[in-house]
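**Q** how does the following fold in three dimensions:
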Amino acid sequence: MTQAKPIVAITNKIPDAGIKFLEAKFELKIGPTDRTLKSAELLSFVKGASAILPLLGNKIDGRVMDAAGKQLKIVANYAVGYDNIDLAAAKKRRIIITNTPGVLTEAVAEHAFALLTAVARRIVESDKFLRAGKYKSWMPELLLGPQLRGKTLGIIGLGRIGSRVAEIGALGYDMRVIYFDRGKKNRELDKKIGSEAASLRKILTASDFISLHVPLTPQTRHLIGKVELETMKKTAILINTSRGPVVNEQALAQALRHKVIWGAGLDVFEFEPRFTPALKKLDNVVMTPHTASATHEARDAMAVLAAKNIIAVLAGQAPLTEIK
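**A** Take a look at the predicted model:
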């Protein structure tokens with residue numbers, strides 16, 4: 001009698017690069033391509049799974065783990081962040097949790113600068129202006145914005161992505177880079193690009209542009225709120241490609257509306273997929289739908305890494321990128 005293949009529950013369609021690694025070894029259950037499974041659906045969907053491969057929108061708590069069954073060995077998150085997973089519940093049940101670090105660093109760093117450039121050079125606003133037929137002639141003061149080169153870039157959170165953003169700023173735009181990372185210094189990076197560790201207050205008061213790269217924790221929730229925004233330069237631009245709740249979105253909308261800061265670029269939102277309606281009315285914010293890692297290369301690599309973690313664990317081997 002042929003032994004049944006272990007079940008891998010993939011909550012949404014992921015790139016074929018990852019599917020190809022898994023389909024020969026396991027029975028795959030693949031969720032919808034256009035929406036996130038609701039809570040009740042998820043509980044039913046994971047039943048019998050030895051591995052779950054969820055997206056950030058899937059809350060994987062003890063109930064979901066128990067719904068899968070005692071054969072569940074691994075939850076391989078299709079993301080670098082893992083605030084959607086109850087790590088304590090997983091540890092209690094001896095379930096391995098993995099993520100996909102490293103492979104999307106370039107994509108997210110590029111997107112941070114794409115947002116920064118779009119806000120500073122008013123790209124979206126200019127596009128709307130042109131499409132609306134308002135462009136009549138070249139004018140010296142039409143849609144002016146700040147130049148990037150030579151300005152001060154403040155990085156909050158100096159992990160892989162924050163470090164790469166720092167390198168692009170320093171080496172590509174001749175920026176002065178200062179950073180805050182829980183009081184730690186990165187002497188290797190400092191030597192390479194001339195960056196400097198600074199206090200959070202110094203980042204807020206001295207930076208022309210601030211880019212956020214911290215995980216979502218109780219300590220970083222609303223790290224940037226009304227007081228912090230009022231501490232920033234009036235000409236400052238805030239970029240967030242980390243997690244939405246790191247910024248108090250209501251406070252940011254008010255700050256942008258009243259020109260407390262010059263502009264913002266957001267790829268993540270406090271209550272995704274919803275965002276504060278007031279932001280929609282503002283020209284000094286550019287928003288993207290959590291697509292910072294949306295390159296073919298990054299998304300394929302994330303799928304492959306998640307798949308390799310599952311293959312390793314279900315074969316009784318150590319995972320490549322375990323979260324402990």
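**Q** all contacts plus neighbour counts: C-alpha atoms, from now on.
**A** OK.
**Q** do I have it right that Arg221 meets Val247?
**A** Yes. Arg221 lies in contact with Val247 (CA atoms under 8 Å); the separation is 7.1 Å.
**Q** can you pick out the residue with more neighbours from those two?
**A** Neighbours per residue (other CA atoms under 10 Å) separate Arg221 from Val247, with Val247 holding more: 26 against 18.
**Q** quick one, what contacts the more buried one?
**A** 221-225, 270 (CA atoms under 8 Å, 6 or more residues apart in numbering).
**Q** at 7 Å what do you get?
**A** 222-225 (CA atoms under 7 Å, 6 or more residues apart in numbering).
**Q** now Val214
**A** Val214 neighbours (CA under 7 Å, 6+ apart): 156-157, 242.
**Q** possible to save these as a markdown table with secondary structure, distance to Met65 and neighbour count?
**A** Below are the contacts of Val214 laid out as a markdown table (DSSP: H, G, I helix; E, B strand; the rest coil; distance: CA to CA, whole Å; neighbours: other CA atoms under 10 Å):
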| residue | secondary structure | distance to Met65 | neighbour count |
| --- | --- | --- | --- |
| Ile156 | strand | 34 | 24 |
| Gly157 | coil | 31 | 19 |
| Ser242 | coil | 26 | 27 |
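**Q** would you format these as CSV with pLDDT included?
**A** Compiled in CSV, those are given as follows (pLDDT from 0 to 100):
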residue, pLDDT
Ile156, 98
Gly157, 97
Ser242, 96
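**Q** nearest to Leu305, of the residues you listed?
**A** Ser242 (20.4 Å; CA to CA).
**Q** specify which member of the contacts of Val247 is nearest to Phe209.
**A** Taking those together and measuring to Phe209 by CA to CA, the closest member is Ile224, at 13.8 Å.
**Q** quick check: the closest one touching Asn248?
**A** Yes. Contact status for Ile224 versus Asn248: in contact at 6.2 Å, counting by CA atoms under 7 Å.
**Q** neighbouring contacts of stretch 129-145?
**A** 120-122.
**Q** now stretch 78-97: mean pLDDT?
**A** If you average the pLDDT over stretch 78-97, you get 96.
**Q** in it, which residues are buried?
**A** Neighbour counts over stretch 78-97 (16 or more other CA atoms under 10 Å) mark 78-82, 84-85, 87, 89-90, 95-97 as buried.
**Q** equivalent analysis for stretch 129-147, please.
**A** 145-146.
**Q** tabulate the CA atom coordinates of that stretch in CSV.
**A** Output of stretch 129-147 as CSV, limited to C-alpha atoms (Å, rounded to 0.1, in the frame of the first residue of the first chain):
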residue,chain,number,x,y,z
PHE,A,129,-0.8,67.1,-13.8
LEU,A,130,0.2,66.1,-17.3
ARG,A,131,-2.7,63.6,-17.8
ALA,A,132,-5.1,66.3,-16.7
GLY,A,133,-4.0,68.6,-19.6
LYS,A,134,-2.6,71.2,-17.2
TYR,A,135,0.9,71.3,-18.8
LYS,A,136,1.0,74.5,-21.0
SER,A,137,4.7,75.4,-21.0
TRP,A,138,7.9,74.9,-19.1
MET,A,139,8.0,77.1,-16.0
PRO,A,140,10.9,77.7,-13.6
GLU,A,141,9.0,76.9,-10.4
LEU,A,142,6.6,74.2,-11.7
LEU,A,143,6.4,71.2,-9.2
LEU,A,144,9.6,71.9,-7.4
GLY,A,145,11.0,69.4,-4.9
PRO,A,146,14.1,68.7,-2.9
GLN,A,147,17.3,67.2,-4.4
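**Q** related to what we said a few turns ago, tell me the one of the contacts of Val247 nearest Pro101?
**A** Looking across the contacts of Val247 and measuring by CA to CA, the closest to Pro101 is Leu223, at 22.8 Å.
**Q** burial measure for the nearest residue to the closest one once chain neighbours are set aside, as a count.
**A** Nearest residue to Leu223, sequence neighbours excluded (CA to CA, 6 or more residues apart in numbering): Val246, at 5.3 Å. Burial of Val246 is recorded as 25 neighbouring residues (other CA under 10 Å).
**Q** Val246 and Thr231: what is the separation?
**A** 16 Å (CA to CA, to the nearest Å).
**Q** next: Lys308.
**A** 45 Å.
**Q** do the same with Tyr78
**A** 36 Å.
**Q** quick revisit: can you add distance to Glu188 and give the contacts of stretch 129-145 back as a markdown table?
**A** Below are the contacts of stretch 129-145 laid out as a markdown table (distance: CA to CA, whole Å):
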| residue | distance to Glu188 |
| --- | --- |
| Ala120 | 30 |
| Arg121 | 32 |
| Arg122 | 35 |
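**Q** among those, name the ones in helices.
**A** Residues of the contacts of stretch 129-145 located in helices (DSSP state H): Ala120.
**Q** which element is the closest residue to Arg121 other than its chain neighbours on?
**A** Leaving aside its chain neighbours, Arg121 sits nearest to Gly145 (5.2 Å; criterion: CA to CA, 6+ apart). If you go by DSSP states H and E, Gly145 is not part of any helix or strand.
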